[in-house]
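Enquirer: Sequence plus predicted model, see below.
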Amino acid sequence: MTTWAFRRLQGTWLFHDLPNGALEHLASHAKEVSLRAGDVLLREGDRGDALYVVIEGALGVTQASATGTVVLGEVRRGEHVGELALLENAPRTATVTASVPTRVLEVTRPGFEACVRAFPQATSTLTRLSEYRRAWAGVRRVRPSTLEVVAMLAKVFPEVPSQQLASLADEVEWVTVPTGAVLFRQGEAGDALFFVVRGGLDVVAQRDDGQDVRLGEVVPGEPVGEMALLSNEPRMATARANADSELIKLSRAGFESLVSTHPAAMALFARTMATRLSKAARGRGAISQLRSARTVSLDDCTSAVSMVDPVMLNLSITQLYHRIAVDLTLLLGAQDANWFCFGCRASKTAGAAIRLEEVPLREVLQRTPVWPLLTKGLALSRRTSLVRVFDDTLQTVGDRVAKGNRFIFEEIGPAFVQFVSAFAKAHEYDRAKLESVLSQLKAGPSDRGGQDTLKGALTAYYEAAFERSAKRRSELILLGSMKVGLHEQTRVDPILDGALDAPLEVFFDQLAGQLPRPVRGIAMKARPMVQRQVRVFLTRRLMRMRLPDVTLDLGGDVPPYSEKSRFPPGLETLEHPELRALYESFTAGAPSAARDWTSLADRMRYISTLFRTRQKSLQLFEPPYLDEQQADIAARRVPAGML
């Protein structure tokens, strides 16, 4: 009896978090009670001192009202009733009657109190559990009728007949979880899956250093725990309620019965698993980093920006951008890409220009009939050394891009490293500590060397770290990313102008200097117009940003999130007032394509749309380089092969 009772209590959500020793003691004081159909187990208004777990059968729950008796619901196998009696001597709030012959397991208050006395080392756990139970009892709703549960399951399995779903009644449990309570833990065996009916769950993984990282959320209508059930592997993460939540629990036996008698259900589970596996594969690089890598230090930042070689500087900065993106998931979770995910990809793209690979003019011209004329046939070519001018142009562009690469990271990287260091282990909102961190930044607008906009970005990220609403958290992260983008784009504006004007300064000005004086004067008068056209041409034809799955043309519109929606779930509409106003100030309903990348307005319109469209892409957390390349970069060697 004790072993059997232990397993039944362990499988009940109310007790599953109790230490095994205490649970065994509690089971030894439990006893089985048999009921005939119509027997009353609990009567409304009576004092009670016991909780009951249904072993077999079903209980009906009713409550008296001014208009008669109200049916509240039913309690079936694995579910429980009367939990408040373990905590206080309160009158029963409803009448519970056996609907059919039923067996229940009785756990009395004296048995519960004896457990506390026998296991003083578990007192803190039991106290915490008691607090959970009180909160849980306040939000718990009795299991709906079988017809209601079948209707809920029908939304998940529309291809399965209702009568087939109704046959699962004894394998389905109704679980209610208060805010902050754990549904299941990482490493536990997976013997069931759950469907969220109301509320929501945060999915959290634990790093090797013990820190929790939020990986995602589960919203109503979605399953959770199916991977462990289908793969027979332990739970890969912990599921914790981010709101008072109600779930349907389907046991392994119920799952096997369903798929064996109705193959269409297996297809639905297979599609669910395939979707989850696809998402997991895209985020695998990030998750491995989350669990093992140390966080970036200020010394790491100083070491990177001290490098003289622009190529190694860029490789190191790109790698640090990725690591800081991962570090920020300690606060923000990995379900939303942060600014450093995008900064990593922009820095990697910039590396091609720094390595003089971005515009290979020499190689292009060598494949055309013009090349012999330029190198041998034209006196102008011999006098101006066009080949050298081409090379000088590329070198100038690369030098200016490297300057911008260093400039942006040198300011933003250390600020966020200190931010992560201050709050990575924080569990409570501390406005005073945030203000202390922000006070280290320089007051004033970005275009005058101030960091007020960066302060706003850090504040938005901090608010997101403690926000329970998934949508509002996503919006706060987007707001923070846009403010980082606005700050760094404002600060780097003169450097970008210089980089895009380099072809004109080096190529056009040198050629114009070799022209006869009258022609030279005409050329220089035309220079502003040529400058505008060159900027537009470079933006349209040459400006690119390479993401893990696509190369974007900055002179074209940002691709939509999917064929059905321009933006991802949670960001289809913007409700946060400051975010909505900032986003509209940049986009104003105009196409996202940039016409001239030297224009701050053009850049922010494109960047804001990009951030909103791609914020839910787990691929952005993937490392920018292969493992062997990362090892070379750490050893300050330029890796071989394509970067």
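Expert: Cool, got the structure. Numbers count the residues shown, from 1 in each chain.
Enquirer: Next one: A601 from E246, what distance?
Expert: 48 Å (C-beta to C-beta, to the nearest Å). (C-beta placed from N, C-alpha, C; glycine too.)
Enquirer: Between those two, which has more neighbouring residues?
Expert: When neighbours are counted by other C-beta atoms under 10 Å, E246 comes out ahead of the other of A601 and E246, with 21 against 14.
Enquirer: Next, that one: secondary structure please.
Expert: Three states are possible here, and by DSSP: H, G, I helix; E, B strand; the rest coil the one that applies to E246 is strand.
Enquirer: Hmm, it is touching G200, no?
Expert: No. With contact taken as C-beta atoms under 8 Å, E246 and G200 are classed as non-touching, separated by 10.7 Å.
Enquirer: quick one: low-confidence ranges for the stretch 201-350 of the chain?
Expert: Residues of the stretch 201-350 of the chain that meet the criterion pLDDT under 70 lie in 207-214, 230-231, 259, 262-293.
Enquirer: how does it look with 50?
Expert: Low-confidence regions of the stretch 201-350 of the chain, defined by pLDDT under 50, span residues 276-287, 289-291.
Enquirer: try the stretch 351-500 of the chain
Expert: By pLDDT under 50, the low-scoring segments of the stretch 351-500 of the chain are 359-361, 363-365, 368, 370, 373-374, 376-384.
Enquirer: any chance you could map the strands in the stretch 51-200 of the chain?
Expert: In order along the chain, the stretch 51-200 of the chain carries the following strands (DSSP state E, counting those that start in this stretch): 58-65, 68-76, 80-81, 95-98, 102-108, 172-177, 182-184, 192-198.
Enquirer: how close does the nearest residue to T93 once chain neighbours are set aside get to F567?
Expert: Excluding its sequence neighbours, the residue lying closest to T93 (C-beta to C-beta, 6 or more residues apart in numbering) is E44, at 6.7 Å. Distance of E44 to F567, given as C-beta to C-beta: 50 Å.
Enquirer: can you check V492 too?
Expert: Here the distance between V492 and F567 works out to 27 Å (C-beta to C-beta).
Enquirer: before we move on, back to that, format the strands of the stretch 51-200 of the chain as CSV; extra columns: distance to D627.
Expert: Compiled in CSV, those are given as follows (distance: least, C-beta to C-beta, whole Å):
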stretch, distance to D627
strand 58-65, 56
strand 68-76, 51
strand 80-81, 50
strand 95-98, 60
strand 102-108, 53
strand 172-177, 40
strand 182-184, 32
strand 192-198, 34
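Enquirer: Now tabulate these in JSON lines and tack on mean neighbour count.
Expert: Listed next are these as JSON lines, based on neighbours: other C-beta atoms under 10 Å:
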{"stretch": "strand 58-65", "mean neighbour count": "18"}
{"stretch": "strand 68-76", "mean neighbour count": "17"}
{"stretch": "strand 80-81", "mean neighbour count": "22"}
{"stretch": "strand 95-98", "mean neighbour count": "20"}
{"stretch": "strand 102-108", "mean neighbour count": "21"}
{"stretch": "strand 172-177", "mean neighbour count": "24"}
{"stretch": "strand 182-184", "mean neighbour count": "21"}
{"stretch": "strand 192-198", "mean neighbour count": "22"}
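Enquirer: picking up where we left off before, what pLDDT does the residue nearest to T93 get?
Expert: In this model, E44 is scored at 88, pLDDT.
Enquirer: That one: neighbour count?
Expert: Neighbouring residues of E44 were enumerated by other C-beta under 10 Å; the total is 16.
Enquirer: how about it, what does it touch?
Expert: T62, Q63, A64, P91, R92, T93, A94, T95 (C-beta atoms under 8 Å, 6 or more residues apart in numbering).
Enquirer: and which of the residues you listed is nearest to R473?
Expert: Sorting these by how near they are to R473, with C-beta to C-beta, puts T93 at the top with 35.5 Å.
Enquirer: Now do the closest one: how many residues are near it, please.
Expert: T93: 15 surrounding residues under other C-beta under 10 Å.
Enquirer: That one and Q63 touch, don't they?
Expert: Yes. The pair T93 and Q63 passes the contact test of C-beta under 8 Å, sitting 7.2 Å apart.
Enquirer: nearest spatial neighbour of A346, skipping sequence neighbours?
Expert: Closest residue in space to A346, ignoring its immediate chain neighbours: M545 at 6.2 Å, by C-beta to C-beta, 6+ apart.
Enquirer: How much space separates K403 from V305?
Expert: When C-beta to C-beta is the yardstick, K403 and V305 sit 12 Å from each other.
Enquirer: Tell me the pLDDT of L600.
Expert: As predicted, L600 sits at a pLDDT of 89.
Enquirer: List the contacts of it.
Expert: Contacts here follow C-beta under 8 Å, 6+ apart; on that basis L600 touches Q489, T490, D493.
Enquirer: I'd guess the second one is in a strand, am I close?
Expert: No. Secondary structure assignment (three-state DSSP) places T490 in helix, not in a strand.
Enquirer: Distance of it relative to D447?
Expert: Taking C-beta to C-beta, one finds T490 at 5 Å from D447.
Enquirer: swap in the last one?
Expert: As defined by C-beta to C-beta, D493 lies at a distance of 8 Å from D447.
Enquirer: the more surrounded of the two?
Expert: More neighbours surround D493 than the other of D493 and D447, with 17 against 13 (other C-beta under 10 Å).
Enquirer: Ignoring the adjacent residues along the chain, who's closest to that one?
Expert: In space, and not counting its chain neighbours, D493 is closest to L600: 5.7 Å by C-beta to C-beta, 6+ apart.
Enquirer: re the thing from before, hang on, the residue nearest to A346 packs against V558?
Expert: No. With contacts counted by C-beta under 8 Å, M545 stays clear of V558, the gap being 10.0 Å.
Enquirer: anything in contact with each of these two?
Expert: Jointly contacting M545 and V558 under the rule C-beta under 8 Å, 6+ apart are L552, L610.
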